[in-house]
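Engineer: Sequence plus the predicted model coming up.
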Amino acid sequence: MASLQSSCMVLSTNHKPPSATARRFHVSCSGGGGVDRRDLLLGLGGLYGAKAANLNARAEPIQPPDMKACGVPDVGGVSLDVNCCPPTLDAIKNYVLPPVGKLRVRPPAHKLPHEYLAKYEEAIRRMRALDETDPDDPRGFTQQANVHCAYCNNAYDQAGTDIPLSIHFSWLFFPWHRWYLYFYERILGSLIQDPTFALPFWNWDNPRGMHLPSIFDNENSPLYDTNRNPLHRPPAVVDLQFTNGKPEPTDDERLVRSNLATMYKEMMRVRKPEDFMGQSYVAGEEVPPPAKAGTVERGSHTSIHRWVGDPNNPYHEDLGNFYSAGRDPAFYSHHSNVDRMWTLWRGLKTKVPKAINDPDYLNAAFLFYDENKELVRVRAGDVLDNKKMGYEYKDVDVPWLYFRPPRRAARVKVKDISKNAQRPEKVFPLTLSRIARVLVSKTAPGAADEDLLVEHIHASPDEFVKFDVYVNSEEDDPKDVDQAEYAGTFAKLPHRGGRGHHSHDKGKGSIRFSLQELYEDINIDGDDEEVVVTIVPRANGRHVIIGGIKIVKA
Ligand code: C2O
């Protein structure tokens, strides 16, 4: 079915009262022809008019930006001397996924057969050559990197507004990046006339792939990038809990354990679809604060960006900042694995529902250039199943699936570990300049099915920030994450929410850690009325303020 039609159907059957806008959109979309829904909204008196009449009554999905109104990107509050605006076109087509024949199979980058590598290098070589022959060709290497910069560093506004558009830190993260890689892959395939070409994935969740794939480390290859941390060339083991690398960890086995434990938590200890996917983000809303990101985005994904980028560059370019990340060919293999995590997560037999059915999610729309240089409009709801997009991932071992930490034999007595823990009233709001230990009440003595909410997190936009959370740790300064007491992590790259009053920088989000399994693992006492939560700053804690902590029924 055409994506346009399905988008119209979802709209016309959505649970919200069909407004004039929706009805008019429905009519216009059955007519087809690239009508931007936002234009219709504007036709009703502009977005503000629509909002004023209807304030908060119903949300609208995020719509594509007006690409002609692309401005200056910014990073950590500083406007960059960079123009990352892609070329514009008047004609916009609604993209229809082509019929799927044989699936393209994305292979793990660390065992790429020689001929495959040659093909991949040739495709990137041709993509880079477009930069020289026609810098405005949207398929060119720099133009492809610009796509990420423009959508991620506030170069665009939401159409018809002056509110910046940003596709990180929300439920748009996975669908937007899936579309981005999809077109990138098709462009590479078409440059070498090989429609079977599939983007290799960096298998950083498997010990065999836990280093920068060597295909990216050959200085004579078009896959090479000089803007990387020189200490992290292969065979350095990746650190999915990367802080600032001081000192660089030396115990590789411990790193591997830490990485697997990290993946286990991000993938298996998810309670609601939004905990994994990221929280809602709709039209008219300010750029979401980083705490609205899902587990993978704010964890392993951020760590790899930071681990690869060069700390000797002002903004840890290339991978260490969104505006420059797409300039490193390794970015696309990194994100291919991030995308694979979405596929794997949807396939997990855990109890948590895997789908978000909100029309404001499904009908969010973006613009990309396809392999024919046509500007196309795509919809988040059309990428839920990668097989329908014509690709899948090579099946490889997934060792983190079984990396639940060993259960503690001894029972911890809260009264024994709470001596230096404080009551929440004494602690919050908390600037995280040192480790905090907080005595938090459970919903009921012995309650097993609970979640921990770390609330109203404000992290400075200008810094890389990371902290870890533990429950009932006996240590005042817990170091490892492959232990029963580790609940999870928050990490973010420097990222400013927007200009002036349109900024998430004062915005706050809350994150959830699921406690049910953790309680079993730590062998919690069934009579306990409280737990001790330890929050450990790992990077720039003094730039984080946490509003509160509470335990709620799951
Ligand atoms: Cu859009 Cu990992 O970045």
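Structural biologist: Looks like it came in fine. Numbering: from 1, shown residues only.
Engineer: Contacts only, for the residue in the chain positioned nearest to the ligand.
Structural biologist: Residue nearest to the ligand within the chain (CB to the nearest ligand atom): Cys152, separated by 5.1 Å. Placement of C-beta: from N, CA and C, glycine included. Contact partners of Cys152, counting by CB atoms under 8 Å, 6 or more residues apart in numbering, are Ser166, Ile167, His168, Phe322, Tyr323, Ala325, His495.
Engineer: swap in Ala325?
Structural biologist: Residues counted as contacts of Ala325 (CB under 8 Å, 6+ apart) are Ala145, His148, Cys152, His305, Gly309, Asp318, Leu319, Phe331.
Engineer: got it, and Asp416?
Structural biologist: Asp416 sits in contact with Glu474, where contact means CB under 8 Å, 6+ apart.
Engineer: that's a strand at it, yeah?
Structural biologist: No. Applying DSSP: H, G, I helix; E, B strand; the rest coil, one finds Asp416 to be helix, outside a strand.
Engineer: Show me which residues of the stretch 301-450 of the chain sit near the ligand.
Structural biologist: The interface of the stretch 301-450 of the chain toward the ligand, taken as CB under 6 Å from any ligand atom, is made up of His301, His305, Phe322, Ala325, His335.
Engineer: Distance of Glu475 relative to Arg407?
Structural biologist: Glu475 sits 18 Å away from Arg407, going by CB to CB, to the nearest Å.
Engineer: who's more crowded, these two?
Structural biologist: Using other CB atoms under 10 Å as the criterion, Glu475 and Arg407 rank with Glu475 on top: 14 against 11.
Engineer: Is the more buried one within a helix or a strand, and which one?
Structural biologist: Element membership for Glu475, per DSSP states H and E: none, as it lies in no helix or strand.
Engineer: Could you do Arg377 as well?
Structural biologist: Using DSSP H and E, Arg377 falls in strand 375-379.
Engineer: Same check on Val105?
Structural biologist: With DSSP H and E as the criterion, Val105 is inside strand 104-106.
Engineer: Now for the closest residue to Val270 other than its chain neighbours: which residues touch it?
Structural biologist: Sequence neighbours aside, Phe276 is the residue nearest to Val270 in space, at 4.5 Å (criterion: CB to CB, 6 or more residues apart in numbering). Contact analysis of Phe276 by CB under 8 Å, 6+ apart lists Glu266, Met267, Val270, Gly294, Thr295, Val296, Trp345, Val352.
Engineer: returning to that earlier point: and the strand holding Val105, what's buried?
Structural biologist: Using 16 or more other CB atoms under 10 Å as the test for burial, strand 104-106 gives Arg104, Arg106.
Engineer: what sits against the nearest residue to Ala484 once chain neighbours are set aside?
Structural biologist: Excluding its sequence neighbours, the residue lying closest to Ala484 (CB to CB, 6+ apart) is Asp521, at 3.7 Å. Shown in contact with Asp521 (CB under 8 Å, 6+ apart): Arg404, Pro405, Pro406, Arg407, Arg408, Ala484.
Engineer: swap in Leu212?
Structural biologist: Trp202, Arg228, His232, Arg233, Pro234, Ala236, Val238, Val308, Ala330 are the contacts of Leu212 under CB under 8 Å, 6+ apart.
Engineer: switch to 6 Å and redo it
Structural biologist: Shown in contact with Leu212 (CB atoms under 6 Å, 6 or more residues apart in numbering): Pro234.
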